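**Student:** Structural data only, the sequence is not supplied:
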């Protein structure tokens with residue numbers, strides 16, 4: 001009788017009952033590589049397994065126990081990967097990149113039709129490179145296994161650094177990351193929060209901080225020079241004029257000119273300071289298509305020629321749906337030319353910061 005009961009159970013598993021296989025795909029630091037993580041493979045036992053373990057740019061380092069057919073029992077599988085590139089190849093990629101991007105990827109939810117529900121996201125840092133600012137490729141390395149919010153990136157003298165908040169994560173072998181707290185000491189402001197770190201071609205990166213002026217009690221933006229020991233010195237206040245620090249949704253440094261952005265409805269207002277020491281002035285406005293009741297989560301400007309810029313931005317809806325980043329060409333007077341286009345990326349960016357010169 002027991003044997004007969006087991007036979008009926010085995011038959012139900014094979015023909016009717018679904019099995020669930022959870023598949024985690026992580027790099028050498030245990031950081032999820034793709035979204036969503038884990039992948040849920042649901043199907044009937046002995047049906048064909050459609051899962052493919054290969055990931056572009058990575059090499060699987062342990063055995064994949066899944067065969068041609070789905071298993072009879074629920075199980076959890078952890079697959080580990082390393083970069084398919086050697087360290088010299090990664091260094092060459094970073095040196096030759098015209099643009100370098102630091103961003104975050106939400107690995108908690110799937111992407112559907114170029115949109116992703118955010119909810120309570122698990123955001124991990126990513127770095128991408130590009131030669132034209134339109135097509136981007138994620139750097140296939142092992143990333144820090146920490147949640148990041150608004151990362152920036154710098155690559156100088158063989159050291160790759162991700163900045164996020166008051167912390168810096170740096171590596172020279174693209175696998176082992178060292179954590180360092182930025183040394184921010186000043187009597188000019190309090191409650192300082194790092195907005196971003198901007199790479200500079202001929203000098204060390206600039207740290208942009210939003211803080212409260214100790215005398216006026218107003219929130220302001222400040223910038224300082226970052227030393228090789230992660231200490232910030234030479235603090236100066238940006239001259240924002242009528243632009244409030246809390247209104248700034250993005251900023252860039254292009255040929256020593258500081259460019260800032262503010263969202264006003266479905267428009268992006270563009271401000272510029274010819275030099276860091278000069279006052280910020282409004283120089284243009286761009287109307288975003290299909291952006292009504294949506295919030296700009298990140299925006300950057302990159303120079304594609306002497307007379308043209310490329311505006312890169314991402315939007316999130318009221319329903320917390322993050323949309324695929326878009327770009328639009330601007331002329332030298334910051335006026336839009338042509339229509340918006342989807343940026344070509346190999347994952348959906350949430351937050352991002354683009355550096356004009358990846359090899360700085």
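**Tutor:** Thanks, I have the structure now. Here the structure is a predicted model, which means the values were calculated and not measured.

**Student:** any idea how far residue 231 is from residue 162?
**Tutor:** 18 Å (Cβ to Cβ, to the nearest Å). C-betas here are computed from N, CA, C, even on glycine.

**Student:** When those two are compared, which one has more neighbours?
**Tutor:** residue 162 (23 against 13; other Cβ atoms under 10 Å).

**Student:** any idea whether the more buried one is helix, strand or coil?
**Tutor:** Following DSSP: H, G, I helix; E, B strand; the rest coil, the label given to residue 162 is strand.

**Student:** Now for it: which residues touch it?
**Tutor:** When contacts are counted by Cβ atoms under 8 Å, 6 or more residues apart in numbering, residue 162 touches 102, 125, 127, 144, 148, 151, 152, 153, 168, 169, 170.

**Student:** now it, which residues is it bridged with?
**Tutor:** Assessed by DSSP bridges, residue 162 has beta-bridge partners residue 153, residue 169.

**Student:** What distance do you get for it to residue 152?
**Tutor:** Distance from residue 162 to residue 152, by Cβ to Cβ: 7 Å.

**Student:** any shared contact partners between the two?
**Tutor:** residue 102.

**Student:** show me the contacts for the residue nearest to the spatial centre of the chain.
**Tutor:** Closest to where the C-alpha atoms of the chain average out (Cα atoms, centre = their mean) is residue 103, at 1.0 Å. By Cβ under 8 Å, 6+ apart, the contact set of residue 103 is 125, 126, 127, 128, 151, 349, 350, 351, 352, 353.

**Student:** Which pLDDT value goes with the fifth one?
**Tutor:** Reading off the per-residue confidence, residue 151 sits at a pLDDT of 94.

**Student:** what does the second one give?
**Tutor:** The predicted structure scores residue 126 at 98 on the pLDDT scale.

**Student:** Any regions of this structure where pLDDT drops low?
**Tutor:** The model of the chain has pLDDT under 70 over residues 1-17, 185, 201-202, 357-360.

**Student:** mind redoing it with 50?
**Tutor:** Scanning the chain for pLDDT under 50 picks out 1-14, 358-360.

**Student:** How is it divided into domains?
**Tutor:** Split into domains by automatic domain parsing, the chain comes to 2-83, 87-355.

**Student:** Give me whichever of those is most buried.
**Tutor:** Greatest average neighbour count among those goes to domain 87-355 (a mean of 17), per mean count of other Cβ atoms under 10 Å.
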